[in-house]
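K.L.:
following is a predicted model, sequence given first.
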Amino acid sequence: MQDLGYNSHNSMLNLGSIAVFSFVYYFRVILYFIVLKPFVYLTGGKGQSYQKSLASNLFYSEILMLSMEAYIEFLISGYLNLVEKVDTTTGELLAVYIGYYSIILTIGVFPLIFIYVLTRPIEQINEPVFHKKW
């Protein structure tokens, strides 16, 4: 049970492209708040339709897709990092932080997202707007 079939305890190596997609997602969220929202505010509403569509994708469908498809990988990566930390180089130190990030996602954020979606009334879930959003 110590290594769960992985050759490394390095979270960056274990997560691979999932880590990249996760970082790209959070980079887009940061750009949304730092660049797009002030731009729309300062220009008097130009780009507001793009802002709404991006917000709908970022805060509903993309985070749910990322959480559902990568839950087990994040959980395993975080567990391996908690069991045996490898922090001798800078890259491995980053992997330790990614392992903590993985644990926070799987224990805190993802369950809250699942609970929110699963506690919606069935009538709301069957609406086309809900399907498009989520």
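P.N.:
Structure received.
K.L.:
can you give me the buried ones in the longest helix anywhere in the chain?
P.N.:
With secondary structure taken from DSSP state H, the chain has its longest helix at helix 63-83. Burial within helix 63-83, assessed by neighbour count using 16 or more other C-beta atoms under 10 Å, is assigned to 63-64, 66-67, 70-71, 73-81. Glycine gets a C-beta too; all of them are placed from N, C-alpha and C.
K.L.:
now, among these, which is nearest to His9?
P.N.:
Of all those, His9 sits closest to Leu80, with 4.7 Å by C-beta to C-beta.
K.L.:
tell me the pLDDT of the residue nearest to Met12 when sequence neighbours are not counted.
P.N.:
Take Met12 and drop its neighbours on the chain: the residue closest to it by C-beta to C-beta, 6 or more residues apart in numbering is Ala95, 4.6 Å away. Per-residue pLDDT puts Ala95 at 77.
K.L.:
ok, Ala95 touching Ala19?
P.N.:
No - Ala95 is beyond contact range of Ala19, at 9.3 Å (criterion: C-beta atoms under 8 Å).
K.L.:
between these two, who's got more neighbours?
P.N.:
Ala95 (25 against 21; other C-beta atoms under 10 Å).
K.L.:
quick revisit: mind listing the shared neighbours of Ala95 and Ala19?
P.N.:
Common neighbours of Ala95 and Ala19, using C-beta atoms under 8 Å, 6 or more residues apart in numbering, are Ser11, Met12.
K.L.:
neighbouring contacts of the longest helix of the chain?
P.N.:
Helix 63-83 is contacted by residues 2-4, 6, 9, 11, 14-15, 18, 21-22, 25, 95-96, 98-103, 105-106, 109-110, 113-114, 117, 134 when judged by C-beta under 8 Å, 6+ apart.
K.L.:
next structured bit after that helix?
P.N.:
The helix or strand immediately downstream of helix 63-83 is helix 90-104, counting by DSSP states H and E.
K.L.:
can you pull the buried residues of the helix or strand following that following helix?
P.N.:
Note on helix 90-104: by DSSP H and E, the next helix or strand toward the C-terminus is helix 110-118. By neighbour count on 16+ other C-beta under 10 Å, the buried set for helix 110-118 is Phe110, Ile113.
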